[in-house]
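Novice: What follows is a protein structure lacking sequence information:
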């Protein structure tokens with residue numbers, strides 16, 4: 001079997017291409033895993049924010065009720081002073 005320089009060059013090119021492909025696949029898998037982890041973190045933070053948002057709405061409603069109660073008490077005190 002006679003190996004020509006062209007055949008050796010082609011063989012080397014195939015080996016390099018396979019190595020590059022394997023490296024690219026490995027790199028893409030690692031990047032995908034990091035993106036997935038980051039997405040999970042963002043989803044958790046969004047969930048925490050949404051929970052906080054719901055609690056703030058409840059606090060706002062309670063505050064309105066308290067302000068109304070204070071206004072009623074002030075009005076009642078003014079009536080008693082007259």
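Specialist: Arrived safely. What you see is a predicted model; the values in this text were computed from it and never measured.

Novice: What's the local residue count around residue 19?
Specialist: 10 (other CB atoms under 10 Å). Using the backbone N, CA and C atoms, a C-beta is placed for each residue, glycine as well.

Novice: just residue 78 next, same as before
Specialist: If we define neighbours as other CB under 10 Å, then residue 78 has 9 of them.

Novice: Kindly report the same for residue 14.
Specialist: Residues near residue 14, counting by other CB under 10 Å: 10.

Novice: what does residue 6 give?
Specialist: 8.

Novice: Could you do residue 3 as well?
Specialist: Residue 3: 8 neighbours (other CB under 10 Å).

Novice: Same question for residue 2.
Specialist: 4.

Novice: Check residue 59 too.
Specialist: 10.

Novice: What does the pLDDT read for it?
Specialist: Here the pLDDT value assigned to residue 59 is 94.

Novice: Roughly how far does it sit from residue 52?
Specialist: As judged by CB to CB, to the nearest Å, residue 59 and residue 52 stand 10 Å apart.

Novice: in this structure, which spans are helices?
Specialist: 5-81 (DSSP state H).

Novice: what bits of it have low per-residue confidence?
Specialist: The model of the chain has pLDDT under 70 over residues 1.

Novice: Next one: the spatially most central residue of it from residue 49, what distance?
Specialist: What sits nearest the mean C-alpha location of the chain, by CA atoms, centre = their mean, is residue 42, with 1.6 Å. Taking CB to CB as the measure, residue 42 falls 10 Å from residue 49.

Novice: From the chain's centroid, how far away is stretch 20-30?
Specialist: Relative to its chain's centre, stretch 20-30 lies at 25 Å (CA atoms, centre = their mean, to the nearest Å).

Novice: Quick check: buried residues in that stretch?
Specialist: Judged by neighbour count using 16 or more other CB atoms under 10 Å, stretch 20-30 contains no buried positions.
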